[in-house]
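> generate coordinates for the sequence data below:
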Amino acid sequence: MIVQTLECDIMPKGKERPRFNNGHVYTSPAQFEHEHQIRKAWIDEHGIEPVASSCPVAVIVSFTKPLPKTVRQPRPWILKPDIDNLAKSVLDALNGVAYVDDAQIVRLQATKQPQQPDSEAGIRITVIHFDGSDEWEVSDRG
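I've put the predicted structure just below:
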């Protein structure tokens, strides 16, 4: 098992819907830049080559974001963007650098939480490569 972790102070941003122009699909410049920042942070920390090419991968990602001033308790964590869009943005950014293809991902755990006064907003990513040296299988028991 090979574990790689990245903590970055990049503001979490959900994956935007694809844009269309004259029959062509494209990614917005803001979305492209966000994914580029995550990808660059990963490369700076772990290099450009994925650790293993054909093994199963688990991804654990945690998003910390400041609360808008208009949000009050008791449920401040139920906010936009949706957690699946936050995760998709990170998974797409790491495709080809943390793993060869996101089809390798067999387990995904994602959390989003409000920023606490003593913490910083950002993204924490852990990628676990199950390289055959461990006894791991996909189950529904966690």
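> drop to CA atoms for contacts and neighbour counts, all remaining ones
OK.
> need the three-state assignment for Ser31.
In this structure residue 31 is Gln, not Ser. At Gln31 the chain is in helix, as set by DSSP: H, G, I helix; E, B strand; the rest coil.
> next up, the contacts around it.
Neighbour list for Gln31: 15-16 [criterion: CA atoms under 8 Å, 6 or more residues apart in numbering].
> can you rerun that using 10 Å?
Listed by CA atoms under 10 Å, 6 or more residues apart in numbering, the contact partners of Gln31 are 13-18, 89.
> okay, those in a markdown table with secondary structure, neighbour count and pLDDT next?
Shown next, in a markdown table, are these (DSSP: H, G, I helix; E, B strand; the rest coil; neighbours: other CA atoms under 10 Å; pLDDT from 0 to 100):
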| residue | secondary structure | neighbour count | pLDDT |
| --- | --- | --- | --- |
| Lys13 | coil | 24 | 90 |
| Gly14 | coil | 18 | 88 |
| Lys15 | coil | 23 | 88 |
| Glu16 | coil | 16 | 81 |
| Arg17 | coil | 11 | 78 |
| Pro18 | coil | 11 | 74 |
| Ser89 | helix | 20 | 95 |
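> what's the closest of those to Gly122?
For those, the residue nearest Gly122 by CA to CA is Lys13; the value is 9.9 Å.
> wait, isn't that closest one in contact with Pro66?
No: contact criterion CA atoms under 10 Å: Lys13 and Pro66 do not qualify, at 11.9 Å.
> who touches both of the two?
The contact sets of Lys13 and Pro66 overlap at Gly122 (CA under 10 Å, 6+ apart).
> and stretch 38-51, which residues are buried?
Of all the residues in stretch 38-51, those buried under the rule 16 or more other CA atoms under 10 Å are 38-43, 46, 50-51.
> give me the subset of the residues you listed that lies in helices.
Applying DSSP state H to the buried residues of stretch 38-51, the entries found in helices are 38-43, 46.
> that older thread, list just the nearest of the buried residues of stretch 38-51 to Asp101.
Using CA to CA, the shortest approach to Asp101 within the buried residues of stretch 38-51 belongs to Pro50, at 9.6 Å.
> which intervals of the chain have sub-threshold pLDDT?
68-78, 132-142 (pLDDT under 70).
> residue contacts, the nearest residue to Pro56 once chain neighbours are set aside?
Distance criterion CA to CA, 6 or more residues apart in numbering; nearest residue to Pro56, sequence neighbours excluded, is Gln104 at 5.1 Å. Counting by CA under 10 Å, 6+ apart, Gln104 makes contact with 53-58, 95, 129.
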